[in-house]
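S.K.: The sequence and its predicted three-dimensional model are supplied below.
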Amino acid sequence: MLVFAKIKSVQEKLKSLKNGTTIGFVPTMGALHEGHLSLVEKAKKENDIVVVSIFVNPTQFDNAEDLINYPKTIDKDLSLLKSTYCDIVFTPTPEEIYANDIQSQSFDFDGLEFQMEGKFRAGHFNGVGTIVERLFEIVKPHKAYFGEKDFQQIQIIRKMTEKRNLHVKIIACPIHREMDGLAMSSRNMRLTKEQRTAAPFIYETLKKAKDKFGTKNASEVVKWVENEFKNHPIFRLEYVEIADEDTLLPVETKNPAKKYRAFIAVFAGNVRLIDNISL
Ligand code: PAF
């Protein structure tokens, strides 16, 4: 496994590959867990080589404290990746990526950016679009792999590749969960013991919401979830929404031809967790 921190060096290596070599790309912000490793495994099955990037992208954090507190575990990440089929790791610094101008571009994602996460994390998706497009430009992957925990992010990246005519196939991979149902996330390591013990409640509630969606309308299910979190001793609900998978717009009248998902964001102290379930 080769590790490069410089754009020039990773590009030289990628250019030296035999013509026709297919590249699978897994962009990450590090603090890797089994969910990330499953993306690497899938990428290796579908491509000749796998490139993983580890870069905590400053422009997608709307909150300076969240950026400072984001877990950074580069040595552990590299040793985990060594145990997988990862061929190349790209670990640039913010200066390498952004030079002296750590700023996002402004994107139009046809409104996907104004729903859910977009309402609560100002500028977040401009930051995601900026870094993902930049990384695609550097790595030039054939396929890129993303976890469905960040389902809205996947739809936004799909929209970006379509609108900017980027030749990368976006592969969505199912959410990886801990044994007790908690969606794997780099942020989970910041939970206290008490918060971690309580955390399966999030997915349990989503599963019950899925059952209820069979017989109730979306607004009734949303109200039910809000009520479940009311006065919860550990979690503060930021939002719950039932939305169309394609448009991400909240569902008003159910249409059997459409696919829906329930999305949730909650705070445990100052740790923000998101999850979703296909309905
Ligand atoms: O999902 C993430 O970890 C990040 O948003 C990504 C896609 C690596 C961009 O920084």
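M.R.: Ah, there it is.

S.K.: Count residues in the vicinity of Ala144, would you?
M.R.: Neighbour count of Ala144, defined by other Cβ atoms under 10 Å: 25. Placement of C-beta: from N, CA and C, glycine included.

S.K.: and the helix or strand harbouring it, which strands flank it?
M.R.: Element membership for Ala144, per DSSP states H and E: strand 143-147. Strand 143-147 sits in its sheet next to strand 23-28 (parallel), strand 169-173 (parallel), going by DSSP bridges.

S.K.: mind checking how far the lowest-mean-pLDDT helix or strand in the chain is from the chain centre?
M.R.: Using mean pLDDT, DSSP states H and E, the weakest-scoring helix or strand in the chain turns out to be helix 64-69, at a mean of 92. The chain centroid and the centroid of helix 64-69 are separated by 17 Å, computed with Cα atoms, centre = their mean, to the nearest Å.

S.K.: again with stretch 137-144
M.R.: Distance, stretch centre to chain centre, for stretch 137-144: 17 Å (Cα atoms, centre = their mean).

S.K.: Next, the contact list for Thr93, please.
M.R.: Thr93 makes contacts with Ala5, as judged by Cβ atoms under 8 Å, 6 or more residues apart in numbering.

S.K.: And the one 4 residues further on, by the same measure?
M.R.: Ile97 sits next to Ile7, Phe55, Asn57, Ile131, Arg134 when contact means Cβ under 8 Å, 6+ apart.

S.K.: Could you check how many residues crowd around the closest residue to Ala199 other than its chain neighbours?
M.R.: Excluding the flanking residues, the one nearest Ala199 by Cβ to Cβ, 6 or more residues apart in numbering is Leu182, at 4.6 Å. Using other Cβ under 10 Å, Leu182 is surrounded by 20 other residues.

S.K.: Can you tell me which residues in the stretch 151-279 of the chain are near the ligand?
M.R.: Gln153 (Cβ under 6 Å from any ligand atom).

S.K.: which residue packs closest to the spatially most central residue of the chain, ignoring adjacent ones?
M.R.: Nearest to the centroid of the C-alpha atoms of the chain, with distances taken as Cα atoms, centre = their mean, sits Asp150, at 3.7 Å. Once flanking residues are discounted, Asp150 sits nearest to Ile274: 7.3 Å by Cβ to Cβ, 6+ apart.

S.K.: Equivalent analysis for Glu245, please.
M.R.: Closest residue to Glu245 apart from its sequence neighbours, by Cβ to Cβ, 6+ apart: Lys259 at 4.3 Å.

S.K.: wait, doesn't that neighbour sit right on Asp244?
M.R.: Yes: the pair Lys259 / Asp244 is scored as a contact, 7.4 Å apart, by Cβ atoms under 8 Å.

S.K.: thinking again about what came up before, my guess is the residue nearest to Asp150 is in a helix, correct?
M.R.: No: going by DSSP: H, G, I helix; E, B strand; the rest coil, the assignment for Ile274 is strand, not a helix.

S.K.: Tell me, what's the model's pLDDT at it?
M.R.: At Ile274, the pLDDT value in this model is 98.

S.K.: Now do the same for Phe201: helix, strand or coil?
M.R.: helix.

S.K.: Tell me how far the closest residue to it other than its chain neighbours lies from Ala198.
M.R.: Closest residue in space to Phe201, ignoring its immediate chain neighbours: Phe235 at 6.9 Å, by Cβ to Cβ, 6+ apart. Separation of Phe235 from Ala198 (Cβ to Cβ, to the nearest Å) stands at 7 Å.

S.K.: Counting neighbours around each, name which of those two comes out higher.
M.R.: More crowded of Phe235 and Ala198, by other Cβ under 10 Å: Phe235, with 20 against 17.

S.K.: Across the sheet, point out what pairs with the more buried one.
M.R.: Bridge pairing for Phe235 - DSSP bridges - gives Ala268.

S.K.: so it makes contact with Ala268?
M.R.: Yes: counting by Cβ under 8 Å, Phe235 touches Ala268, with 5.7 Å between them.

S.K.: can you list residues touching both of these two?
M.R.: Common neighbours of Phe235 and Ala268, using Cβ under 8 Å, 6+ apart, are Ala198.

S.K.: Up against the ligand, what does the stretch 1-150 of the chain have?
M.R.: Residues of the stretch 1-150 of the chain found near the ligand (Cβ under 6 Å from any ligand atom) are Pro27, Thr28, Met29, Asn57, Gln60, Val128, Ile131, Val132, Asp150.
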